[in-house]
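Student: Could you work out the structure for the sequence below:
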Amino acid sequence: MSILTEAPPTPGRLRAAWAAAHTPVAGVPRWARIAAYAIQFTVLPSALWRIAAVTFHAPITHIIRDRQPWQDSGALPSWLPTELYVVLLSIGAELLAFTAVGLISAWGEVFPRWIPGLRGRRVPALAAVIPAAAGAAVLTLMSTLTAVTTSLGLDIRGRPLAADNPLNFHDWQGLLAIAAYAPLLLWGPLLAAVTVAYRHRRHRA
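Tutor: As a prediction, this is how the structure comes out:
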C-alpha cells in the first residue's frame, strides 16, 4: 500500500502567488502601479524602527523600556507583551498598506475564492473607492498634523513634547526616528492618487 503525502509549497509556487497578487490588470497606468507599490515602502521604515527599538531594544531611541505610553495608559492587555504588540502592529500596518495593490490588481476587481457567497463576483467600484478615499483623507490629515506639531515641539494634542519623546531634533536618535516616520507623509497622497486612477478606470469600464 502506498502512502500519499502532499508536497509542501515550493518556492516556485510562492513566487507565482506573489506575482499573481502584484500583477496589474489591463489599463492601469504605469504611474499608478509605481504609486501602489511605493505605499508599502512608506510604511516599512517606521515598522523596522519600532521593531528594532521596542522589540529588540536597540540603542536608537531614548524611550524608557519600562515606561511605554501605551503601558501607562492601560491600552494593552496584561497578557500581551509590548515587544509582541509592536511586531503585530508593524505587520498589521504593512498588510493595510498592501491593500492599495488591490486597486491595481485582479483581486481588487473580483472577490477571491475564499470569500463565501461573493467568490468570483465583481467588486462594486464604490466598495473599494469609499474606504480607500476615506483612508487616504484620514492618513493625510493625521500624518500632516503630526509632522506640523512635532516640528513645533508639540504633541498631537498641542502640549510640549515629553523629554523622552523619540521624535525630536536634538540628537541623532531623534533624527533617525523622524527619518523613519517621515515617509508616512506620502501614504495618504499616494493612496488618494491610486484611488482616483482606480475610479477612473472602473468608470470607463
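Student: Ramachandran coordinates for Arg122?
Tutor: phi -70, psi 130 (degrees, to the nearest 10).
Student: Bridged to it, which residues?
Tutor: Val110 (DSSP bridges).
Student: Tell me, what's the model's pLDDT at Trp114?
Tutor: You'll see Trp114 listed with a pLDDT of 67.
Student: Oh, that last question was meant for Glu83, not what I typed.
Tutor: Confidence score, pLDDT, at Glu83: 88.
Student: Double-check it against Val54; I have them as touching.
Tutor: Yes. Applying CB atoms under 8 Å, one finds Glu83 in contact with Val54, separated by 6.4 Å. To be clear about C-beta, it is placed using only N, CA and C from the backbone, and glycine gets the same treatment.
Student: Name the residue in these two with the higher neighbour count.
Tutor: Val54 (21 against 13; other CB atoms under 10 Å).
Student: what kind of secondary structure is Leu191 in?
Tutor: Secondary structure assignment for Leu191 (DSSP: H, G, I helix; E, B strand; the rest coil): helix.
Student: can you count the residues close to it?
Tutor: 25.
Student: now swap in Pro160 and tell me
Tutor: Considering only other CB under 10 Å, Pro160 is surrounded by 10 other residues.
Student: Find the residues that touch each one of Glu83 and Val54.
Tutor: By CB atoms under 8 Å, 6 or more residues apart in numbering, Glu83 and Val54 have no common neighbours.
Student: tell me what the longest helix along the chain is packed against?
Tutor: Using DSSP state H, we find that the single longest helix of the chain is helix 125-151. Under the contact criterion of 3 or more CB pairs under 8 Å, 6 or more residues apart in numbering; DSSP states H and E, helix 125-151 touches helix 187-204.
Student: Please pull up the helix or strand immediately following the helix-or-strand element of the chain with minimal mean pLDDT.
Tutor: Lowest mean confidence among the helices and strands of the chain (mean pLDDT, DSSP states H and E): helix 69-72, at a mean of 48. The helix or strand immediately downstream of helix 69-72 is helix 82-98, counting by DSSP states H and E.
Student: which helices and strands does that following helix pack with?
Tutor: Helix 82-98 sits against helix 30-50, helix 69-72, with contacts defined as 3+ CB pairs under 8 Å, 6+ apart.
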